[in-house]
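[1] Provided below for reference: sequence and predicted model.
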Amino acid sequence: MKVSVVLASYNSFATINYCLNSLFRQTCHPDEIIVVDSSSDPTISFIERNYPSVKLIKRQERTYCGAARNIGVRAATGDIIAFTDTDCVVAHNWIEEIIRSHRQHDAIAIGGAIHNGNQHNWISWAEYFLAASEYFAKAPQRNLRTIAGCNATYKRIAFEKYGYLPEISAFEDVLFNIRLNKAGEKILFEPSIQVSHLYRTKLNALLQHEFRNVRAMKEAAQIEQFKEKVFLKHPLIPILWTPAKFLLITNRILRWNRTAIFRFLVATPYVLMGLLATTYGLMSKRCE
């Protein structure tokens, strides 16, 4: 079973060495690593100089993640297409677990668990709780509606049968997974497939990200198959978002990640600020 790893890169110079080093230190090496890069920083020259075996596809114009991944998928030769992000470090047995899981299960897509890669920073812990509570490593194996784009693997047939990722600015992975779900395909969460995400370390960057993220979600909701559009139109959603999401995160921590309770308590002020930034994004020019 051949595995192609596809990375979408944009101005990734600060972190891509951590990601690529982790891919080259696998117990079972990927058959190919494809980087689709549209950077204006030194990322391209850095890859060419230090990782000559990487298949580098250079783009002149800024290419969003969905479009970049589609380019990588078209160039890939593997039976399995594995996505991670350039600010992620994959576990040493990542490829091995991907192959094992796809051989063992009939799911067309299998996603894995996420750890916080910046464990000494409380802002990073806050973003981790905001973004990854559904994908804790101690969460059970189960079918999901969508999997995290930074740790997602697909059988090649998923793209051959259902097309490619929507080429929008964000949430392309969610829309693609919803497309698979609507077709009756199985999407599995397998906690043994693990990555560590290098989350943001500055509060302003976190708040800007949460605001932009929900605005991107509202744009994605204009696409027909994104059924959350109806919820985004409801006037009570912005009011209920912060307490509802906070309770959901708290519940997941109590069920699947009790060792992180102290960190969650300390990071709670930043978590709440992030949720308020999301609420503000929901309230600003609500989805039509």
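    Received it, and whenever you're ready, just let me know what you need.

[2] for the chain, which strand is longest?
    strand 187-197 (DSSP state E).

[3] For Glu288, report the pLDDT, please.
    Listed pLDDT for Glu288 reads 43.

[4] Strands of the stretch 101-250 of the chain, start to end?
    With DSSP state E, counting those that start in this stretch as the criterion, the stretch 101-250 of the chain has strands at 109-116, 142-143, 151-155, 187-197.

[5] Looking at these, which is nearest to Gln60?
    Shortest distance between Gln60 and these, using Cβ to Cβ, is found for strand 151-155: 27.1 Å. C-beta coordinates here come from the backbone N, C-alpha and C atoms, glycine included.

[6] strands paired with that closest one, and their directions?
    strand 80-84 (antiparallel), strand 109-116 (antiparallel) (DSSP bridges).

[7] tell me the average confidence for the longest strand of the chain?
    Mean predicted confidence for strand 187-197 is 98.

[8] just the angle between it and strand 151-155, please?
    140 degrees (axes from the mean of the first three to the mean of the last three Cα atoms, to 10 degrees).

[9] Each with direction, which strands does strand 187-197 pair with?
    Partners of strand 187-197, by DSSP bridges, with direction: strand 88-90 (antiparallel), strand 109-116 (parallel), strand 142-143 (antiparallel).

[10] List of residues touching the first one?
    If you take Cβ atoms under 8 Å, 6 or more residues apart in numbering as the criterion, strand 88-90 is touched by 18-19, 22-23, 26, 84, 117, 150-151, 194-198.

[11] Nearest to Asn257 among those residues?
    Among the contacts of strand 88-90, and counting by Cβ to Cβ, the member closest to Asn257 is Gln194, at 13.6 Å.

[12] quick one on the thing from earlier: mean pLDDT and mean neighbour count added to the strands paired with strand 151-155, as a markdown table?
    Shown next, in a markdown table, are the strands paired with strand 151-155 (pLDDT from 0 to 100; neighbours: other Cβ atoms under 10 Å):
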| stretch | mean pLDDT | mean neighbour count |
| --- | --- | --- |
| strand 80-84 | 98 | 24 |
| strand 109-116 | 98 | 24 |
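
[13] I'd like those strands as JSON lines, with distance to Ser53 appended.
    Shown next, in JSON lines, are these (distance: least, Cβ to Cβ, whole Å):
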{"stretch": "strand 80-84", "distance to Ser53": "17"}
{"stretch": "strand 109-116", "distance to Ser53": "24"}
